[in-house]
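Q: structural data only, the sequence is not supplied:
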């Protein structure tokens, strides 16, 4: 099945591969489901059924003018799970995708879900305010949107370098990975790219944590300058009952590509 229709008629592009227990991988901003290349191969070879999909406004999914809120994203995830009639599902959300998991569990419950993994996730609360002094100043998000409006392509080039810790790591990703990430990013609707900055930057997921009634693994890099660990990964692990936190010392945001072997091992150990 290449497409599943969301409640409002938006077409969601889905890839459904393999047999076995299903794992749904939910991608980060501003990429597509294809960002999980390393994880998809590892999971398929380990005998899992792997489902990826492009968030509305990104990749090969429909690009509507509106609907870029986490309530809608959660309902889109529900449409994918219901459309494929998936049960005993492990949800793995990277960055923005962790927010989908949190809001999905709040809105739809965990009857289809057996496990959750938050990888460098925004779940927690990114925006700095009186209740969240470790958050990111609102001016950072406004500057991101201004740069995207001015020259989205230049922004994507510079953003990818920070995303993967280029210049900060002794083992940076290849130029090929940077080029690939740029290609995935430019596939997005510019409107979705802008609107999602507010969605992931200003949505407070802390009330959603009580809906995590399943085993949960939290993985986050301590060198993540895109989604700082304190208001997100550490806060999530503290608030979710029974959650386990694994910190990757010094790793940046894009750890799915900077340390894929380590991430794959941790995922497989947990999902098995």
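A: Nice, I can see it. Every value quoted in this text rests on a predicted model; they were computed, and no experiment measured them. Numbering: from 1, shown residues only.
Q: contacts and neighbour counts: CA atoms only from here.
A: Noted.
Q: the nearest residue to residue 46 once chain neighbours are set aside and residue 117, how far apart?
A: Residue nearest to residue 46 in three dimensions, not counting chain neighbours: residue 268, with 7.9 Å by C-alpha to C-alpha, 6 or more residues apart in numbering. Counting by C-alpha to C-alpha, to the nearest Å, the separation of residue 268 from residue 117 is 11 Å.
Q: shouldn't the residue nearest to residue 46 be within a helix?
A: Yes - using DSSP: H, G, I helix; E, B strand; the rest coil, the secondary structure at residue 268 is a helix.
Q: okay, residue 268 and residue 117: which has more neighbours?
A: residue 117 (24 against 14; other C-alpha atoms under 10 Å).
Q: now do the SS call for the more buried one.
A: Assignment for residue 117 (three-state DSSP): strand.
Q: so it touches residue 97, yeah?
A: No - using C-alpha atoms under 8 Å, residue 117 is not in contact with residue 97; the gap is 10.1 Å.
Q: report the distance from the lengthiest helix in the chain to the chain centre.
A: In the chain, assigned by DSSP state H, the helix with the most residues is helix 138-163. Centroid separation for helix 138-163 versus its chain: 18 Å, with C-alpha atoms, centre = their mean, to the nearest Å.
Q: now stretch 24-31
A: With C-alpha atoms, centre = their mean, you get 4 Å for stretch 24-31.
Q: only the buried residues of that stretch, if you could.
A: For stretch 24-31, the neighbour count (16 or more other C-alpha atoms under 10 Å) marks 24-31 as buried.
Q: with respect to residue 198, which of those residues is nearest?
A: residue 29 (11.7 Å; C-alpha to C-alpha).
Q: and for stretch 36-48, what's in contact with it?
A: Stretch 36-48 is contacted from outside by 17-23, 25, 27, 49-50, 256-257, 260, 264, 268, using C-alpha atoms under 8 Å, 6 or more residues apart in numbering.
Q: the helix or strand hosting residue 201 packs against which elements?
A: Per DSSP states H and E: residue 201 is located in helix 190-202. Secondary-structure packing of helix 190-202 (3 or more C-alpha pairs under 8 Å, 6 or more residues apart in numbering; DSSP states H and E): helix 138-163.
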